[in-house]
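> Quick one: sequence and predicted model below, then my questions.
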Amino acid sequence: MIKEYLEIGQIVSTHGIRGEVRLNPWCDGPEFVKKFKNLYCDERGEKSFKVISCRPHGNVAVLKLEGVDTVEAAKGMKNTVLYMKRADVNLPEGKWFISELIGCDVLDADDESVSYGTLKDIDSGMANDIWYVLTPEEKEVLIPAIKDVVIKCDVANNKVYIRPLRGLFDED
């Protein structure tokens, strides 16, 4: 399902004494976070912060947010999940936000009446993404997210279409 606001990461600690915070990014990484002029504290976008500065620091992003000027104010933001506005990002063709893919029905690209299950998780740490599909029988099947397998993603309708490799869904 397409969401207007998507999780970008969680504030894990303070940085220094001037109100900076350390954000653990749940996205492509600290460099991706630098693209945003505003971040939000909720999935409805009701409370926003202007991003004064953002810089990568190892595997986190160090943020200076407008109105957070002391270490005490920064401490109060610990564990806060920050959101980005989807409209602020142009995704290249064939790319999707992971949070929008999770929960999609996984259907056969050649016969939509064949359902393989629900996309439950995605692991991006490999040469290609690995999709974890939970079948109707509650079996977990790992799918390589490569162009020969993932044929079409229709996140607006909560569906992805695959052409599975032989043997992936065969019964034991």
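Perfect, I can see it now.

> Mind listing the residues bridging to the closest residue to residue 115 other than its chain neighbours?
Counting by Cβ to Cβ, 6 or more residues apart in numbering, residue 107 is the residue found nearest to residue 115 once chain neighbours are left out, at 5.7 Å. For the C-beta atoms, the positions are set from N, CA and C on the backbone; glycine is no exception. Here residue 107 sits in beta bridges with residue 115, residue 161, as judged by DSSP bridges.

> Hmm, residue 119 and residue 107 touching each other?
No: the pair residue 107 / residue 119 is not scored as a contact, 10.7 Å apart, by Cβ atoms under 8 Å.

> shaky segments in this structure?
171-172 (pLDDT under 70).

> need the helices for it, in chain order.
Using DSSP state H, the helices of the chain run over 30-33, 71-75, 98-101.

> And the second one, what does it pack against?
Secondary structure elements in contact with helix 71-75, counted by 3 or more Cβ pairs under 8 Å, 6 or more residues apart in numbering; DSSP states H and E, are strand 5-15.

> Is it possible to get CSV of the helices of the chain that adds distance to residue 130?
Below are those laid out as CSV (distance: least, Cβ to Cβ, whole Å):
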stretch, distance to residue 130
helix 30-33, 21
helix 71-75, 36
helix 98-101, 12
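
> Just send those back as JSON lines, with distance to residue 135 and mean neighbour count too.
Shown next, in JSON lines, are these (distance: least, Cβ to Cβ, whole Å; neighbours: other Cβ atoms under 10 Å):
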{"stretch": "helix 30-33", "distance to residue 135": "33", "mean neighbour count": "19"}
{"stretch": "helix 71-75", "distance to residue 135": "45", "mean neighbour count": "16"}
{"stretch": "helix 98-101", "distance to residue 135": "17", "mean neighbour count": "18"}
